[in-house]
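K.L.:
Coordinates for the following, if possible.
(one chain, ligands or ions: 1)
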Amino acid sequence: MMSDVRRIRHWIGGRPWDAPAARHGEVYDPATGEVQATVDLADAEEVDAAVAAAARAWPGWRDASLTRRTQVLFGFREIVNRRKQELAAAVTAEHGKVLSDASGEVTRGLEVVEFACGIPHLLKGGFSEQVSTNVDVCSIRQPLGVVGIVSPFNFPVMVPMWFFPVAVAAGNVVVLKPSEKDPSASVLLAEMWAEAGLPDGVFNVVHGDKPAVDRLLAHPEVRAVSFVGSTPVARYVYETATGAGKRVQALGGAKNHMVVLPDADLDLAADAAVSAGFGSAGERCMAISVVVAVEPAADALVERITQRMATLRTGDGRRGCDMGPLVTGAHRDKVAGYLDAGVQAGATLVVDGRNVVPDGAPGGFWLGPTLFDRVAPDMSIYTDEIFGPVLSVVRVGSYDEALALVNANRYGNGTAIFTNDGGAARRYQHEVEVGMVGVNVPIPVPMAYYSFGGWKDSLFGDTHAHGTEGVHFYTRGKVVTSRWLDPSHGGLDLGFPTQS
Ligand code: NAD
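P.N.:
Coordinates of the predicted model:
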């Protein structure tokens with residue numbers, strides 16, 4: 001009965017928002033296919049309430065000392081670490097990824113919290129003494145105010161944590177709009193902030209879909225928007241919010257290529273392709289979805305990948321399997337549709353994930369690991385971001401052909417090259433038009449103190465996430481020129497100020 005189903009509420013002003021929602025969404029357990037909760041979907045009214053709560057909290061948080069802000073950050077870090085398994089369980093229950101993977105995403109999110117604990121150092125400005133006689137100049141960086149974060153379903157903990165630890169540490173106040181498909185983790189994170197002593201209203205969560213996002217993009221008090229999701233929505237968010245005068249970073253979709261040169265260790269390359277292709281059922285923006293096999297390596301590589309795929313166990317993420325279900329039935333059906341499309345286009349279906357026998361309930365959103373060989377660049381399985389457990393092998397004749405293929409792709413999020421030739425690897429990292437590059441590393445997600453972001457259709461805006469670019473995004477610069485007057489400075493001078 002619907003009345004027995006758990007209700008997931010917004011978190012506004014330091015507490016759950018009790019007012020009934022006009023609309024709600026259903027949250028599935030992807031491993032059983034059952035509805036396990038409903039989530040309130042915000043309209044403009046709830047978004048306005050969250051922005052107002054944040055705006056009220058801003059003056060106090062902006063003016064809180066760096067010591068105080070850092071103490072809250074350290075407290076939050078301890079709490080997330082202590083409650084890591086609870087967060088991971090919430091992710092697995094709503095997203096479907098296996099528990100070890102969910103725990104890994106919390107760890108990667110915590111790295112950004114640890115980075116943000118160093119905010120006193122990160123906010124240090126510059127100072128120049130005596131730029132003119134008795135005149136000094138200093139530069140400072142100040143927070144923006146209310147910032148909106150809109151996040152995708154595939155990393156319900158890590159992706160919001162790419163942004164909000166830095167935003168909060170820098171003195172901003174946050175309204176997070178998580179994915180409506182797996183919203184529980186964001187509420188747990190809000191509770192953890194409260195437990196850490198973050199003042200009410202500094203961190204708010206509004207659940208919802210397009211109407212909630214649209215209101216955030218239009219709200220005059222929202223100064224900046226960090227978005228992560230598919231490319232069409234990222235482009236829309238970027239154009240709409242910059243049009244409304246906001247600062248925007250909008251990270252979009254991906255199609256990540258792993259180039260394997262003939263001199264590579266093919267066993268290690270096959271391990272990497274399978275791990276990076278099917279981890280989290282391929283629902284990662286940094287998943288490898290295309291293996292570019294440079295001949296004469298392709299036959300041996302495809303054979304090794306196929307052998308390894310046969311050992312993978314697909315099933316309920318709580319049962320120690322390697323790969324879980326897809327996030328919803330609709331998404332599973334969409335991904336499965338690409339298997340027919342690939343066959344019709346003439347690719348060789350080496351492993352068909354529709355034949356999987358899952359270790360899980362029959363109603364789960366299952367699709368097993370799938371491998372296509374002899375994929376051509378004009379096939380939809382190559383051109384589209386499938387975002388599921390479907391790996392394509394494109395065979396090419398040379399390094400130059402591989403590079404040209406990768407650079408012609410509209411996306412530029414991540415890529416990897418597998419080789420033992422240092423010169424070839426160096427050439428690739430220099431020549432490839434992609435934002436994050438791995439050399440014998442299949443998923444090169446940067447550490448928190450570097451910045452995460454792709455090129456081309458994988459990111460709209462100038463600034464990548466976290467690292468110093470994240471700090472820059474959530475602050476604005478001010479330069480102060482000062483002189484302490486004494487009587488010798490008197491007299492009028494209407495000329496343009498120059499040094500003297
Ligand atoms: P999505 O674009 O469907 O949704 C992302 C967010 O936008 C959600 O919060 C959703 O509610 C909202 N949204 C959806 N449609 C909207 C619309 N028409 N107008 C306004 N808001 C809208 O993405 P998803 O399916 O949740 O996530 C998967 C996508 O995210 C993939 O394309 C993946 O590559 C991408 N992704 C990219 C990165 C990156 O770093 N580049 C990281 C993770 C995920």
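K.L.:
What segments of the stretch 351-500 of the chain are strands?
P.N.:
Here the stretch 351-500 of the chain has its strands, by DSSP state E, counting those that start in this stretch, at 370-373, 390-396, 411-412, 414-418, 436-439, 455-456, 459-460, 475-483.
K.L.:
which one of these lies closest to the ligand?
P.N.:
With Cβ to the nearest ligand atom, the closest approach to the ligand among the strands of the stretch 351-500 of the chain belongs to strand 459-460: 6.5 Å. Just so you know, the C-beta spots here come from the backbone N, C-alpha and C atoms, and that holds for glycine as well.
K.L.:
Just checking: what are the partner strands of that closest one?
P.N.:
Strand pairing for strand 459-460, determined by DSSP bridges: strand 247-251 (antiparallel).
K.L.:
With just CA atoms, put the partner strand into PDB.
P.N.:
Taking Å, rounded to 0.1, in the frame of the first residue of the first chain, the C-alpha atoms of strand 247-251 are listed here in PDB:
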ATOM      1  CA  ARG A 247      28.200  31.700 -13.000                       C
ATOM      2  CA  VAL A 248      27.800  28.200 -14.400                       C
ATOM      3  CA  GLN A 249      29.800  25.000 -14.700                       C
ATOM      4  CA  ALA A 250      27.800  22.200 -16.400                       C
ATOM      5  CA  LEU A 251      29.400  18.800 -16.800                       C
END
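K.L.:
what about whatever helix or strand comes next after that strand, distance to the chain center?
P.N.:
Per DSSP states H and E, the first helix or strand lying C-terminal to strand 247-251 is strand 256-260. In this view, strand 256-260 has its centroid 21 Å away from the chain centroid, taken as Cα atoms, centre = their mean, to the nearest Å.
K.L.:
is any part of strand 256-260 close to the ligand?
P.N.:
No - on the criterion Cβ under 6 Å from any ligand atom, strand 256-260 is out of touch with the ligand, staying 9.4 Å away.
K.L.:
Name every strand pairing with that strand and say which way it goes.
P.N.:
strand 288-294 (parallel), strand 414-418 (parallel).
K.L.:
Quick one: name whatever helix or strand follows that strand.
P.N.:
Next along from strand 256-260, by DSSP H and E: helix 266-278.
K.L.:
Is it possible to get JSON lines of the strands paired with strand 256-260 that adds mean pLDDT, mean neighbour count and distance to G145?
P.N.:
Formatted as JSON lines, the strands paired with strand 256-260 follow (pLDDT from 0 to 100; neighbours: other Cβ atoms under 10 Å; distance: least, Cβ to Cβ, whole Å):
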{"stretch": "strand 288-294", "mean pLDDT": "98", "mean neighbour count": "27", "distance to G145": "39"}
{"stretch": "strand 414-418", "mean pLDDT": "98", "mean neighbour count": "30", "distance to G145": "32"}
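K.L.:
would you list the ones you listed in CSV and tack on distance to A270?
P.N.:
Formatted as CSV, the strands paired with strand 256-260 follow (distance: least, Cβ to Cβ, whole Å):
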stretch, distance to A270
strand 288-294, 9
strand 414-418, 10
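K.L.:
what about those strands, which gets the closest to Y238?
P.N.:
strand 414-418 (20.1 Å; Cβ to Cβ).
K.L.:
contacting residues around the closest one?
P.N.:
Here strand 414-418 makes contact (Cβ atoms under 8 Å, 6 or more residues apart in numbering) with 254, 256-261, 264-265, 268-269, 272, 276, 285-286, 288, 406, 424-425, 428-429, 432, 434-445, 454.
K.L.:
Show me what from the stretch 51-200 of the chain comes close to the ligand.
P.N.:
150-155, 159, 177, 179-180.
K.L.:
Would you mind listing what in the stretch 401-500 of the chain touches the ligand?
P.N.:
Close to the ligand, as judged by Cβ under 6 Å from any ligand atom, the stretch 401-500 of the chain has residues 413, 454, 458.
K.L.:
switch the cut-off to 8 Å
P.N.:
413, 452-454, 458-459, 465 (Cβ under 8 Å from any ligand atom).
K.L.:
okay, the strands of the stretch 351-500 of the chain, which one's buried deepest?
P.N.:
Compared across the strands of the stretch 351-500 of the chain, strand 414-418 shows the largest average neighbour count, a mean of 30 (mean count of other Cβ atoms under 10 Å).
K.L.:
tilt between that one and helix 266-278?
P.N.:
Strand 414-418 and helix 266-278 are oriented at 160 degrees to each other (axes from the mean of the first three to the mean of the last three Cα atoms, to 10 degrees).
K.L.:
So for stretch 86-104, mean pLDDT?
P.N.:
Taken as a whole, stretch 86-104 carries a mean pLDDT of 98.
K.L.:
picking that back up, export the residues of the stretch 401-500 of the chain next to the ligand to JSON lines and tack on distance to P389 and pLDDT?
P.N.:
As requested, those are exported to JSON lines (distance: Cβ to Cβ, whole Å; pLDDT from 0 to 100):
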{"residue": "N413", "distance to P389": "18", "pLDDT": "98"}
{"residue": "F452", "distance to P389": "23", "pLDDT": "98"}
{"residue": "G453", "distance to P389": "25", "pLDDT": "98"}
{"residue": "G454", "distance to P389": "21", "pLDDT": "98"}
{"residue": "S458", "distance to P389": "21", "pLDDT": "98"}
{"residue": "L459", "distance to P389": "25", "pLDDT": "98"}
{"residue": "A465", "distance to P389": "26", "pLDDT": "98"}
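K.L.:
Are any of those residues buried, and if so which?
P.N.:
Among those, those classed as buried by 16 or more other Cβ atoms under 10 Å are 413, 452-454, 458-459, 465.
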